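Chemist: I would like to see how this sequence folds:
(one chain, ligands or ions: 1)
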Amino acid sequence: MAQSVKGMRDLYGSELRAFRLVEDTARAAFARHGYEEIRTPILEYTEVFKRTVGESSDIVNKEMYVFKDRGDREVVMRPENTAAVVRALIEHKLLGSSDPRLLFYIGPMFRYERMQAGRYRQFWQIGAESFGVSTPESEAESLLLLFEILKGLGLTQLKLSLNSVGTPESRPAFYAAFRAFFDAREPEYCEDCHRRIGENPLRVLDCKNDRCQKALEGHPLITDFLDEASKHHHARLKELLAALGIPFEENPRLVRGLDYYTRTAFEVLSSDLGAQSALLGGGRYDGLVKQLGGPDTPAFGWAIGLDRLASVVQQVKGEVGATPPALLVPLGEAAALEAAKLAQAWWDRGLPVQLDTRGLALKKVFASADRLGIKTVLLLGDGELAEGVVTAKHLATGEQTKVPFAEVPTRLSPAKA
Ligand code: HAM
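Modeler: Presented below is the predicted three-dimensional model:
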């Protein structure tokens with residue numbers, strides 16, 4: 001039997017309904033905040049991610065789906081979308097004016113990760129990116145948007161884990177202190193960390209190895225090496241968040257798995273997710289546009305793991321139910337034609353109604369309607385045809401009423417169906 005590729009799964013039923021609920025909630029919030037959608041291709045050239053996400057990052061090092069296309073060009077299935085969105089904005093010359101650009105995306109990403117609960121090789125993200133504004137106020141706006149989405153989904157217990165990772169200018173002093181700390185306990189670190197310390201000391205903090213984590217106890221904190229402007233920026237953001245009622249926790253050990261962050265970096269974790277608890281992450285990335293060849297443009301954004309958020313929504317709200325429409329069941333050939341015409345007219349008027357074209361015996365129709373969770377069956381037999389009515393039968397009560405054709409769209413609102 002053919003099977004889906006490991007780590008990639010089909011979405012259907014209640015899980016897909018939970019995805020849709022999250023997507024619809026997010027789209028409505030994006031519209032309210034003036035964010036516009038952008039869709040970029042799934043395949044990009046490798047250089048879009050290599051230096052930006054970082055050559056020392058796990059994503060670039062171990063997790064990218066890279067291959068040569070038939071023209072012998074190296075391409076990658078996007079592991080994230082921030083760098084791809086930046087690539088698109090530069091390519092279409094959409095940056096450089098003083099107008100801010102507020103964008104969102106919803107789509108699949110690909111990382112060849114080790115399999116664990118809540119971790120997939122094709123997973124989905126909902127992301128928001130704002131370009132052109134460097135203020136803490138723009139970050140607060142973006143975080144208000146994020147929390148509006150989470151609140152709209154009934155999640156009110158979530159806390160932001162917040163840090164500032166400084167600027168490229170303030171980092172050398174931190175790196176020097178961190179390297180000195182590392183050197184003093186060098187034998188205790190794993191082989192990967194020995195590589196990481198040379199490439200990007202921040203990556204050592206990400207190591208999942210327990211021995212390395214132990215050896216890291218008491219390490220110098222990046223927040224102790226911030227330049228004055230970054231400190232001020234961070235303090236102002238915290239002030240705004242507190243005033244706006246966005247709950248956050250300072251976490252000076254938080255560094256993200258991608259290299260492009262400057263100043264603000266954050267994650268939201270959920271205890272409902274177990275080990276893979278990062279529901280979303282993001283931050284400021286003021287150097288990325290320039291790094292990819294565009295005009296110097298400050299930027300800030302985040303991406304929600306849609307698979308994970310949909311799972312939390314289901315845990316908190318229960319299964320997201322389907323609302324099947326009424327079922328229109330013609331009895332006999334003449335009725336079948338009339339039913340198609342009636343359904344056509346009702347669909348035009350926006351009435352959700354499912355047309356039964358199976359020609360089954362009534363008993364089977366009712367049994368299958370029951371299984372499908374249909375609440376109302378509309379019967380159209382010769383008698384009804386002659387009278388110009390359908391017999392509406394409510395399956396739960398067994399109650400039957402005759403409804404004239406013309407009144408069906410008004411009498412049968414989706415809530416009643
Ligand atoms: P990220 O932290 O790599 O950031 O991913 C964001 C979220 O995607 C994670 O918090 C997690 O919920 C979800 N995620 C990541 N990998 C997987 C996986 N294998 N399976 C399921 N879910 C996963 C970024 O991608 C940045 N582009 C976010 C950003 C946007 N920063 C600025 N703008």
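Chemist: can you pull up the bridge partners for the closest residue to the ligand within the chain?
Modeler: Proximity of the chain to the ligand (Cβ to the nearest ligand atom) peaks at residue 305, 2.1 Å away. All C-beta atoms are positioned from the backbone trio N, CA, C, and that covers glycine. For residue 305, the beta-bridge partners under DSSP bridges are residue 125.
Chemist: go on, residue 161?
Modeler: On the basis of DSSP bridges, residue 161 is bridged to residue 249, residue 267.
Chemist: so it makes contact with residue 264?
Modeler: No: judged on Cβ atoms under 8 Å, residue 161 makes no contact with residue 264 at a distance of 11.7 Å.
Chemist: okay, the two: which has more neighbours?
Modeler: residue 264 (22 against 17; other Cβ atoms under 10 Å).
Chemist: tell me who's in contact with that one.
Modeler: Going by Cβ atoms under 8 Å, 6 or more residues apart in numbering, residue 264 touches 136, 139, 162-164, 233-234, 237, 283-284, 300.
Chemist: return the subset of those lying in helices.
Modeler: 136, 139, 233-234, 237 (DSSP state H).
Chemist: of the residues you listed, select the buried ones using a PyMOL command.
Modeler: Provided next is the PyMOL selection string for whichever of these are buried by 16 or more other Cβ atoms under 10 Å:
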select buried, resi 136+139+233+234+237
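Chemist: closest to residue 188 among the ones in helices among the contacts of residue 264?
Modeler: Distance to residue 188 across the ones in helices among the contacts of residue 264 (Cβ to Cβ) is lowest for residue 234, with 31.4 Å.
Chemist: that closest one contacts residue 262, doesn't it?
Modeler: No: under the criterion of Cβ under 8 Å, residue 234 makes no contact with residue 262, lying 11.7 Å away.
Chemist: list the buried ones in stretch 250-264?
Modeler: 251, 254-264.
Chemist: same question, stretch 157-173
Modeler: In stretch 157-173, counting by 16+ other Cβ under 10 Å, buried: 158, 160-167, 170-171.
Chemist: can you show me the helices along the stretch 251-400 of the chain?
Modeler: 288-291, 306-317, 333-348, 362-372, 382-387 (DSSP state H, counting those that start in this stretch).
Chemist: so which of the ones you listed comes closest to residue 210?
Modeler: Nearest to residue 210, of the helices of the stretch 251-400 of the chain and by Cβ to Cβ, is helix 306-317 at 24.0 Å.
Chemist: show me what from this protein comes close to the ligand.
Modeler: 80-82, 111, 113, 119-120, 123, 125, 127, 129, 257-258, 278-283, 285, 301-303, 305, 307-308 (Cβ under 6 Å from any ligand atom).
Chemist: would you map out the domains in this protein?
Modeler: Structural domains annotated on the chain: 13-170+226-317, 326-411, as defined by automatic domain parsing.
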